[in-house]
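> Quick one, structure for this:
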Amino acid sequence: MSNPSQLSIKLKRSLIGHPVKMRLVVRGLGLRKIGQTVTRPDTAQVRGLVNKVRHLIEVSGS
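Residues are numbered from 1 along each chain as shown. The predicted model follows:
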């Protein structure tokens with residue numbers, strides 16, 4: 001099997017004033033601080049998390 005492509009996810013905006021569920025989604029992606037970048041596999045589960053907080057993050061990759 002080949003490795004799935006990767007997504008680079010960067011936290012661009014603060015979580016202050018956002019619902020607890022959104023904070024938990026961002027933590028689930030592995031982000032803690034503004035400007036932090038993590039790499040995650042490009043799977044349906046990760047895409048779903050990204051879609052929930054797309055206004056707070058920046059995604060690059062395939």
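> Give the other helices and strands that the lowest-mean-pLDDT helix or strand in the chain contacts.
Every helix and strand of the chain was ranked by mean pLDDT, DSSP states H and E. The lowest is strand 57-61, at a mean of 92. Helices and strands touching strand 57-61, by 3 or more C-beta pairs under 8 Å, 6 or more residues apart in numbering; DSSP states H and E, are strand 6-11. Where you see a C-beta, it was placed from the backbone N, CA and C, and this is true even at glycine.
> helices or strands up against the strand it packs on?
strand 37-41, helix 44-52, strand 57-61.
> among these, which is nearest residue 15?
Closest of those to residue 15 is strand 57-61, at 10.8 Å (criterion: C-beta to C-beta).
> and that closest one, how far out from the chain's middle?
On the basis of C-alpha atoms, centre = their mean, to the nearest Å, strand 57-61 is displaced by 8 Å from the centre of the chain it belongs to.
> With just CA atoms, put it into PDB.
Extracted in PDB, the C-alpha atoms of strand 57-61 (Å, rounded to 0.1, in the frame of the first residue of the first chain):
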ATOM      1  CA  ILE A  57      -7.200  27.200  10.100                       C
ATOM      2  CA  GLU A  58      -5.100  27.300   6.900                       C
ATOM      3  CA  VAL A  59      -4.700  24.000   5.000                       C
ATOM      4  CA  SER A  60      -2.000  23.200   2.400                       C
ATOM      5  CA  GLY A  61      -1.200  19.900   0.700                       C
END
